[in-house]
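**Student:** Kindly generate the corresponding structure for this input.
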Amino acid sequence: MVTGAAPRIVHGIDLDRVEAAIRTAERGTTGEIRVAVARFYFWGDVRRAAEAAFARLGMHRTRRRNGVLLYLAPRRRRFAVIGDAGIHERVTDAFWSEISRTLGRDLQAGELTGGLEHAIATIGDRLAEHFPPDPSDTNELPDRVEIER
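**Tutor:** You can find the predicted model right below:
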């Protein structure tokens, strides 16, 4: 009998699936995608918390300034999406609005993992348009989901 490792589920999010989605999306781009999840009891301002996480995770230190952070407070079904200067100057506000609308709908429906996977794939596609793969590129940021303590 062959058994696999138990899935790592935190706050209803399958971390292994989300991390696989990040790795897949980043294969097509020099861009960097991170996901951070707020602690269980989160009552603060999600945008402010996301901005602090963006800085703490070094998202602004990528060579091309093309990092994107998806920050979730799953128990409150709230989130923020923050793109660094390099990607933000290349996409329209309509792009960020569409990501937010779709992710918001998925989170409200309780589709946390699927919603993140879809958002990551969409962001990865857009990053690939503006920041195609480069053989000399290295993965500048970890692909793991950051769980806020």
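**Student:** Name the surrounding residues that touch stretch 102-116.
**Tutor:** Contacts with stretch 102-116, where a contact means CB atoms under 8 Å, 6 or more residues apart in numbering, come from 11-14, 17-18, 21, 35, 70, 72, 74, 77, 79, 81, 118-119, 122. Bear in mind the C-beta positions are built from the backbone N, C-alpha and C, glycine included.
**Student:** could you redo the last one with a cut-off of 6 Å?
**Tutor:** If you take CB atoms under 6 Å, 6 or more residues apart in numbering as the criterion, stretch 102-116 is touched by 12-14, 17-18, 74, 77, 119.
**Student:** List the buried residues in that stretch.
**Tutor:** Of all the residues in stretch 102-116, those buried under the rule 16 or more other CB atoms under 10 Å are 103, 106-107, 112-113, 115-116.
**Student:** what do you get for stretch 138-149?
**Tutor:** Buried-residue list, stretch 138-149, by 16+ other CB under 10 Å: 140-141, 143, 145-148.
**Student:** What does the pLDDT read for E148?
**Tutor:** As predicted, E148 sits at a pLDDT of 86.
**Student:** contacting residues around it?
**Tutor:** Residues in contact with E148 (CB under 6 Å, 6+ apart) are 38-39.
**Student:** Could you give the backbone dihedrals for it?
**Tutor:** The phi/psi pair for E148 (degrees, to the nearest 10) reads phi -70, psi 140.
**Student:** returning to that earlier point: so which of the buried residues of stretch 102-116 is the closest to A25?
**Tutor:** Comparing the buried residues of stretch 102-116 against A25 with CB to CB places L116 closest, at 11.0 Å.
**Student:** Show me what counts as buried in the host helix or strand of that closest one.
**Tutor:** Using DSSP states H and E, L116 sits in helix 112-130. Within helix 112-130, the residues that qualify as buried are 112-113, 115-124, 126-128, 130, counting by 16+ other CB under 10 Å.
**Student:** same question, stretch 20-40
**Tutor:** Here stretch 20-40 shows 21-22, 25-26, 28-38 as buried, counting by 16+ other CB under 10 Å.
**Student:** Understood, closing this out.
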